[in-house]
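Asks: structure, please.
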Amino acid sequence: MEGPITINAPPWKQSLQKQLKARNEVQTDYFTQLITQYADLLEREQGLTKRNSELEKEVLRMSQITPIGNDTQTVAELEKKLHKMQEDLTASYKRNSDNATHLLQLNAQLKNIEDDNKSKESEIEEWRAKFGEGEDAFRKLEEDIQEKDLTMQVLKGELAALQQELIRSEAKIKSLEQENKGLVDRWLQKMAQEADRLNDANTFIESVMHQNQRAAFDKKVSESALLPHEKVSILDTMGITEVVDVILPKTAKKIIEAHKGDANSIVFNAYGSIFATGGNDTAVKLWDVRSGTLKSNLMGSVQSVMNVAFSNNDEMVLGASNDNGVRVWSIQQGRVKHTLTGHTNKVLSAKFAPDSQRVISGSHDRSIKVWDLMKGYCTRTILCFSSCNSLTLDHDGRVIISGHFDHNLRFWDPRSGEKAEEVNIHSGQITSVFLVPDGNSVLTNSRDNTLKLVDIRRMEEIRSFGHENYRNGVNWNGACTSPDGQFVVAGSLDGTVFIWEAQTGKLATTLRSSQNNIIEGAAWNPLGHQLATCDKGGQVTIWGV
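Replies: The predicted model follows:
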């Protein structure tokens, strides 16, 4: 019998008492009546057994009595009584048999109940052990909580002290910031003065060099009474090749191992005596057109150089890099003159303005920046809302034409930064924008495997170029026209160079060397007699007749 539930006992003990009471209601109380009936039956069976013995004794006694006289009635009554006793005895045996069967059944049920009780008691013991463990864990948690509370109080005290220290530090920082601002202003003024002096010195040195070159040239001309066709030797001494008409190239004349990794961009200078390349090895390299030898290896970029360009006066060359910057080198001195940083992502294209005093750069950060080389910093940032893959300027430098990732060709005013026009002529991103020599149109190349000639005055497409085998292989693939604007050139994914007639859009010829590398850029010598391409294998191929 379970005792009453202790009110002040722990929760786990109260729960255990409730479970034991519920168990008794199911496993013990349910069989109380059955056990009582079993006891009654057992008592009745014992009584019947005793009565049966008495009857057997009475039958035996009666059988031994000798009837007196011929009292047949007495015999008949005795026989009847005997017969009734035998029936009672038979019924008693039957009841005893039924009681015995029922008793066996009750014994079996009782054994099952005892086995079940043992199993339940074992489970109860296990739960008691678990409750004991839970109680120990709970006690430990309570101790941990008390310890944490003490730690929290200590931390609150330290936090209050740190907050006081922070307030004092902020006041000190404000004082230092004011002092630092004054120092920075003074430093900027000093750097501006130093930059002005350096620019003046560079200008003076370059002017003296130009004067010396002009004096040497005039001296050679005055000393040589040469015929017009003999003037080529004088130009040759200055590294300038004779100007010839545009010749359609037919074969690869020379293959140069230019870069380790991709050669991403190629361009000729205005005189056609030098070409520049930029590659994944972070270098900008200047090459002699006639011999194909390396003239200068210009270092300074930290990551791949994606685009190269000469200034119109051929005194400087720039490289746009994946390190988010543009560097400008002096060709004569072979050193960096300007490092233009301010973009927040890789710079894919940059060009000099016609006056060579400004640089325009387009970046993957969806902006175009105008840089003043005299001041050495960005004078305007144009947000173009899509990554700029390539750009160029018109002959006057009054319009920036940019090609974008979102397939659009955009026209900008560099003075105000306002967008003048937007033309959607491609179904893929534009990979290059090239100003045609006549200055009235631009050539675009796109990942939709077509090239478009666009009139920049009317903002209209003039002509489209394509071929079933032409595939634009990279997002910076540069296309160009011949110096007279009669031919359009672009390199394909399989290493084939396609040349179209600009007037008709028909394919004029294709060029293929032993190399099958993806063509990443093409440039036509301003003198008209050479075509150069750069490819993914780092090679430059010179094409001619």
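
Asks: looks to me like residue 476 is in a helix.
Replies: No: Residue 476 is assigned coil when assessed by DSSP: H, G, I helix; E, B strand; the rest coil, not a helix.

Asks: burial count for it?
Replies: Counted with other CB atoms under 10 Å, residues neighbouring residue 476 total 19. Where C-beta positions appear, they are placed from N, C-alpha and C, glycine not excepted.

Asks: am I right that it is in contact with residue 429?
Replies: No: look at residue 476 against residue 429 with CB atoms under 8 Å: they stay out of range, at 10.3 Å.

Asks: quick one, helices of this protein?
Replies: Using DSSP state H, the helices of the chain run over residues 11-27, 32-63, 72-223, 231-237.

Asks: will you turn those helices into JSON lines that also has distance to residue 293 and mean pLDDT?
Replies: Output for the helices of the chain, formatted as JSON lines (distance: least, CB to CB, whole Å; pLDDT from 0 to 100):
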{"stretch": "helix 11-27", "distance to residue 293": "92", "mean pLDDT": "77"}
{"stretch": "helix 32-63", "distance to residue 293": "115", "mean pLDDT": "77"}
{"stretch": "helix 72-223", "distance to residue 293": "22", "mean pLDDT": "80"}
{"stretch": "helix 231-237", "distance to residue 293": "16", "mean pLDDT": "37"}
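
Asks: before we move on, back to that, overlap in contacts, residue 476 and residue 429.
Replies: Listed as contacting both residue 476 and residue 429 by CB atoms under 8 Å, 6 or more residues apart in numbering are residue 389.

Asks: out of the helices of the chain, flag the one nearest residue 375.
Replies: Proximity to residue 375 (CB to CB) singles out helix 72-223 among those, at 8.1 Å.

Asks: quick one: the closest one to helix 11-27, angle?
Replies: When axes from the mean of the first three to the mean of the last three CA atoms, to 10 degrees is applied, the directions of helix 72-223 and helix 11-27 differ by 140 degrees.

Asks: tell me what helix 72-223 is packed against?
Replies: On a contact count with 3 or more CB pairs under 8 Å, 6 or more residues apart in numbering; DSSP states H and E, helix 72-223 meets helix 11-27, helix 32-63, helix 231-237.

Asks: how about the first one: buried residues?
Replies: Neighbour counts using 16 or more other CB atoms under 10 Å place 12, 16-17, 23 of helix 11-27 among the buried residues.

Asks: ok, of these, which one's closest to residue 516?
Replies: Using CB to CB, these come closest to residue 516 at residue 12, 80.2 Å.

Asks: how about the contacts made by the nearest residue to that closest one once chain neighbours are set aside?
Replies: The shortest distance from residue 12 to any non-neighbouring residue, by CB to CB, 6 or more residues apart in numbering, is to residue 131 (4.5 Å). Residues near residue 131 by CB under 8 Å, 6+ apart: 12-13, 16.

Asks: at 10 Å instead, please
Replies: Counting by CB atoms under 10 Å, 6 or more residues apart in numbering, residue 131 touches 10-13, 15-16, 138.

Asks: reformat the residues you listed as JSON lines; add distance to residue 261.
Replies: Output for those, formatted as JSON lines (distance: CB to CB, whole Å):
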{"residue": "10", "distance to residue 261": "75"}
{"residue": "11", "distance to residue 261": "73"}
{"residue": "12", "distance to residue 261": "72"}
{"residue": "13", "distance to residue 261": "78"}
{"residue": "15", "distance to residue 261": "74"}
{"residue": "16", "distance to residue 261": "77"}
{"residue": "138", "distance to residue 261": "66"}
